[in-house]
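Engineer: Here's a sequence, model it:
(2 chains)
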Amino acid sequence: MPVGPLGLDPLFWAPLRLIIAVALALFLVLNGALLQIYLERKIQAIIQDRLGPYHVGPFGLLQTFADAIKLIAKEDVRARATDPWFFLAAPALVFCPMLASWVVLPFAQDIVGVDLNIGLLYLTTLGSMTVLGIVIAGWASNNKYALVGGLRSAGQLISYEIPQILALVSVALVVGSLSMIDITRSQAGPMVNVFVLPFSFLIYFIAALAETNRTPFDLPEAESELVAGWLTEYSGMRWGTMLALSEYGNVTVVSSIVTTLWFGGWQGPGVDAIPLLGVLWFTLKVYGVIVVMMWIRATLPRLRIDQLMTFCWLGLIPLALLNIMVVAVLALAFPDTKIPIALASWLLVIAFIAGVPFVQRRRLALLRARASASAVRAAS
Amino acid sequence: MPDYSLSYVYVFAFLVVGALFVTALLTIARLIAPKKVTPEKLRTYESGEEPIGQAWGRWPTHFYVFALLFVVFDVEVIFLFPWAVLFRQLGIAGLVEVVVFIGILVVGLYYAWKKDALNWY
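Structural biologist: Residues are numbered from 1 along each chain as shown, chains lettered A, B, ... in the order given. As a prediction, the model looks like this:
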């Protein structure tokens, strides 16, 4: 008779493993949200020379916990004009795809919900399902601010999804697999993918900031113009599920993808001897990426919607396609070494960073010329 | 590793548990939270004014063209994933085919750009 792990009968072990996986994912989502909200407030406070939360618990550590209890005990108002069913369904529609993304995140060698052979494709599919929930929330609210927020959000998310997925394709080209475990295994040693494919990392990271509605791309929730965007009519725990849990859960998912694809996932010193050490490395890397995202939030101002769309369609998408072509040609010409790909990729990064101010200046000059020409026409 | 069909049981279970979790959370909130309904609370928020009309009306559809382009490019990406995985077996022939494929789409993007379809307003 075959015996599963821990000496358990496989028939008993299979459902037990499923329950453990689901419970662990839920637990991590809840704790991640609590921790990340605290981190976000504290990091922004430090950067802006404030104290941040410090009353509740040591260093204000229990602040978000108190906020969560407050949210649960808060009156849940649903305005009369809303569409009841869609209004109620929207929080679940935002939350479920985010939770389901956790199935394929590899925390360590064997600590993964399930190693789907189409892991990357699965993640992109679920990532695009969040838009549905947001648009439905905006529409069901029957509120002008909410609807504008929802429509903007749809425009932004579907646009930035394309460069995001194109950046993933270039990694699949080099690794030759879509499974998260295989991608991590291919990066054993210090030569992780970020050194080989820095340009696709840059594209993915920019697009991921837009996908998770983080500054400088947080237009759907622009509080100075749209109150709270698509969340305007939501309050109490419905707001908590949508914003606190889902948004921060998505931030974690995106950071985990970055970690797995470009920073070697669980790989790190001492992992071969003690496999459980992989969880530590993975978590540290993920939180490193998250802290960078928070740093960006405290630093950069918000973009305008037309700049946002132009940057995606005329900047990121052509560049991502060019990146795929360069990687494909070089991978075919030099099948045994990754060095030419790395060199070309770094050249692209340098050209991108050096080229942005130049292109921007030319574009501004063009726009000014057009504006002054039309002003002259109007005067005469 | 569990077999192919079993692995999707996990996906299904995660989706179901997500829905159940949200329902449970909202039910708990409903049991705990106070419920004092007033007409002002039930009114749609419009910066403290009486809301004028409904939000469900006509809206400018700038992003209609973007949505069309998105469909085109999203399908393109689905074709690129299998090519990327089997890239080494397909060799030069596969690469040429994908270059032609992407080339046609880039021409389409250029056309949309020159037609001012990518301008927001």
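
Engineer: Retrieve the pLDDT associated with residue 10.
Structural biologist: You didn't say which chain, so I picked chain A. Looking at residue A:10, its pLDDT reads 69.

Engineer: actually it's chain B I care about, not the one you picked
Structural biologist: For residue B:10, the predicted pLDDT is 81.

Engineer: Kindly report the same for residue A:220.
Structural biologist: If you check residue A:220, the pLDDT there is 68.

Engineer: residue ranges for the strands of the stretch 51-200 of chain A, please.
Structural biologist: Using DSSP state E, counting those that start in this stretch, no strands are found in the stretch 51-200 of chain A.

Engineer: what bits of it have low per-residue confidence?
Structural biologist: Within the stretch 51-200 of chain A, no stretch has pLDDT under 70.

Engineer: cutoff 90 now
Structural biologist: A:51-162, A:164-198 (pLDDT under 90).

Engineer: Could you count how many residues lie near residue A:159?
Structural biologist: 26 (other C-beta atoms under 10 Å in any protein chain shown). Where you see a C-beta, it was placed from the backbone N, CA and C, and this is true even at glycine.

Engineer: which secondary structure element contains residue 26?
Structural biologist: Let's take chain A. Take DSSP states H and E as the rule and residue A:26 turns out to sit in helix A:10-47.

Engineer: Please refer instead to chain B.
Structural biologist: helix B:4-32.

Engineer: which other helices and strands contact that helix?
Structural biologist: Here helix B:4-32 touches helix A:10-47, helix A:63-72, helix A:84-101, helix A:236-239, going by 3 or more C-beta pairs under 8 Å, 6 or more residues apart in numbering or on different chains; DSSP states H and E.

Engineer: what's the following helix or strand after that helix?
Structural biologist: helix B:63-85.

Engineer: picking up where we left off before, got the angle between the helix holding residue A:26 and helix A:84-101?
Structural biologist: 100 degrees (axes from the mean of the first three to the mean of the last three C-alpha atoms, to 10 degrees).

Engineer: anything in helix A:10-47 near chain B?
Structural biologist: Yes. Shown here: helix A:10-47 in contact with chain B (C-beta under 8 Å from any C-beta of the partner chain) through A:14, A:18, A:21, A:22, A:25, A:26.

Engineer: buried stuff in that helix?
Structural biologist: Under the neighbour-count criterion of 16 or more other C-beta atoms under 10 Å in any protein chain shown, helix A:10-47 has A:17-18, A:21-22, A:25-26, A:28-30, A:32-45 buried.

Engineer: before we move on, back to that, including distance to residue A:377, could the helices and strands packed on helix B:4-32 go into TSV?
Structural biologist: Shown next, in TSV, are those (distance: least, C-beta to C-beta, whole Å):
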stretch	distance to residue A:377
helix A:10-47	47
helix A:63-72	55
helix A:84-101	47
helix A:236-239	49
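
Engineer: who wins for proximity to residue A:208 among the ones you listed?
Structural biologist: Residue A:208 sits nearest to helix A:84-101 of all the helices and strands packed on helix B:4-32, at 12.9 Å, using C-beta to C-beta.

Engineer: for that closest one, packing partners?
Structural biologist: helix A:10-47, helix A:119-140, helix A:248-262, helix B:4-32.

Engineer: Just the angle for that helix relative to helix B:4-32, thanks.
Structural biologist: Going by the same axes, to 10 degrees, helix A:84-101 is angled at 130 degrees with respect to helix B:4-32.

Engineer: Give me the contact list for helix A:84-101.
Structural biologist: A:25-26, A:29, A:78, A:123, A:126-127, A:129-130, A:132-134, A:136-137, A:139-141, A:233-234, A:238, A:241-242, A:245-246, A:249-250, A:253, B:11, B:14-15, B:17-19, B:21-23, B:26 (C-beta atoms under 8 Å, 6 or more residues apart in numbering or on different chains).

Engineer: Convert stretch B:78-85 to CSV, retaining C-alpha atoms only.
Structural biologist: The C-alpha coordinates for stretch B:78-85 follow below in CSV (Å, rounded to 0.1, in the frame of the first residue of the first chain):
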residue,chain,number,x,y,z
ILE,B,78,-2.5,33.9,-26.2
PHE,B,79,-0.9,32.8,-29.4
LEU,B,80,2.6,34.0,-28.2
PHE,B,81,2.6,31.8,-25.1
PRO,B,82,2.7,28.4,-26.8
TRP,B,83,5.3,29.7,-29.2
ALA,B,84,7.5,30.9,-26.4
VAL,B,85,7.4,27.5,-24.7
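
Engineer: in stretch A:73-81, what counts as buried?
Structural biologist: A:74, A:76, A:77, A:78, A:79, A:81.

Engineer: That one close to chain B?
Structural biologist: Yes. Stretch A:73-81 lies within reach of chain B by C-beta under 8 Å from any C-beta, at A:73, A:74, A:75, A:76, A:77, A:78, A:79, A:80, A:81.

Engineer: Spatially nearest residue to the fourth one, not counting backbone neighbours?
Structural biologist: Distances taken as C-beta to C-beta, 6 or more residues apart in numbering or on different chains place residue A:236 nearest to residue A:76, at 3.9 Å, with adjacent residues excluded.
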